[in-house]
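Novice: I would like to see how this sequence folds:
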Amino acid sequence: MAKNDNVSVNRRADIISAAIEVFAETGYYRTTTAQVAQRAGISQPYVFRFFATKELLLLAALEASWERVAAAFRQVVATASPDRLEQELIEAYEELLAAHRQETLLQMQAQTIQEESIRAAMQDGLREVRGIVLEAFRAQGIANAEERTLLFLARGMLCNIAMALDLPELMDGKRG
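Specialist: Numbers count the residues shown, from 1 in each chain. Reported below is the predicted structural model:
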């Protein structure tokens, strides 16, 4: 890859990271590309060099956030022992919540946006994560794999709410 290509890839990633932060803090509709540019330390026209619209920027941010979850789950699936699979998936997700809070908040907000492309991105992301978990549960012979996957995803959604509202007692039954 040429030096200019590396700079472009890095700059694009910087813009996406800034967008995740600003969208999570301000919401999609109130966020401007000028705010994203300021957070990234670049000019607004430079944002448009990579993303023609704010919607395309949000879609890239959502794609990055879902890819992080999918990659973390794939890594667990590849290395976890059968008796620890579900617990290690839970631990991986809790680590993602702690390390990438803004991405989770972004996804939570995107669930309420009605634009078809954004809804499709959210559906695709959740379907991919569901598929990874379901396939892993089936491969390990976990009884009622479909139901266990549903419960796993439901617990993840509850963890999202607990994190967003600062209610850690909802994340594990030991507190509260």
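Novice: Which strands or helices does the worst-scoring helix or strand of the chain on mean pLDDT pack on?
Specialist: None of the helices or strands of the chain scores lower by mean pLDDT, DSSP states H and E than helix 3-26, at a mean of 90. With contacts defined as 3 or more CB pairs under 8 Å, 6 or more residues apart in numbering; DSSP states H and E, the packing partners of helix 3-26 are helix 33-40, helix 44-50, helix 54-79, helix 101-110. Where C-beta positions appear, they are placed from N, C-alpha and C, glycine not excepted.
Novice: which outside residues touch the helix or strand encompassing residue 157?
Specialist: Assigned by DSSP states H and E, residue 157 falls within helix 145-165. With contacts defined as CB atoms under 8 Å, 6 or more residues apart in numbering, helix 145-165 is touched by 86, 89-90, 93-94, 97, 101, 104-105, 107-108, 126, 129-130, 133-134, 137-138, 142, 167-171.
Novice: if you set the cut-off to 10 Å instead, what comes out?
Specialist: Helix 145-165 is contacted by residues 69, 86, 89-90, 93-94, 96-98, 101, 104-105, 107-109, 111, 126, 129-139, 142, 144, 167-172 when judged by CB atoms under 10 Å, 6 or more residues apart in numbering.
Novice: averaged over its residues, what pLDDT does that helix have?
Specialist: Per-residue pLDDT over helix 145-165 has a mean of 96.
Novice: Out of the helices and strands packed on helix 3-26, which gets nearest to residue 117?
Specialist: Closest approach to residue 117 among the helices and strands packed on helix 3-26 is made by helix 54-79 (6.2 Å; CB to CB).
Novice: Off-centre distance for the closest one?
Specialist: Centroid displacement of helix 54-79 relative to its chain, using CA atoms, centre = their mean, to the nearest Å, is 5 Å.
Novice: quick one: buried residues of it?
Specialist: Neighbour counts over helix 54-79 (16 or more other CB atoms under 10 Å) mark 54, 57-62, 64-66, 69, 72-73, 76-77 as buried.
Novice: Repeat that for stretch 43-53.
Specialist: By neighbour count with 16+ other CB under 10 Å, stretch 43-53 contains the buried residues 47, 50-51.
Novice: And residue 86, which helix or strand is it part of?
Specialist: helix 85-99.
Novice: for that helix, packing partners?
Specialist: Packing partners of helix 85-99 (3 or more CB pairs under 10 Å, 6 or more residues apart in numbering; DSSP states H and E): helix 54-79, helix 101-110, helix 116-139, helix 145-165.
Novice: That concludes my questions; thank you for your assistance.
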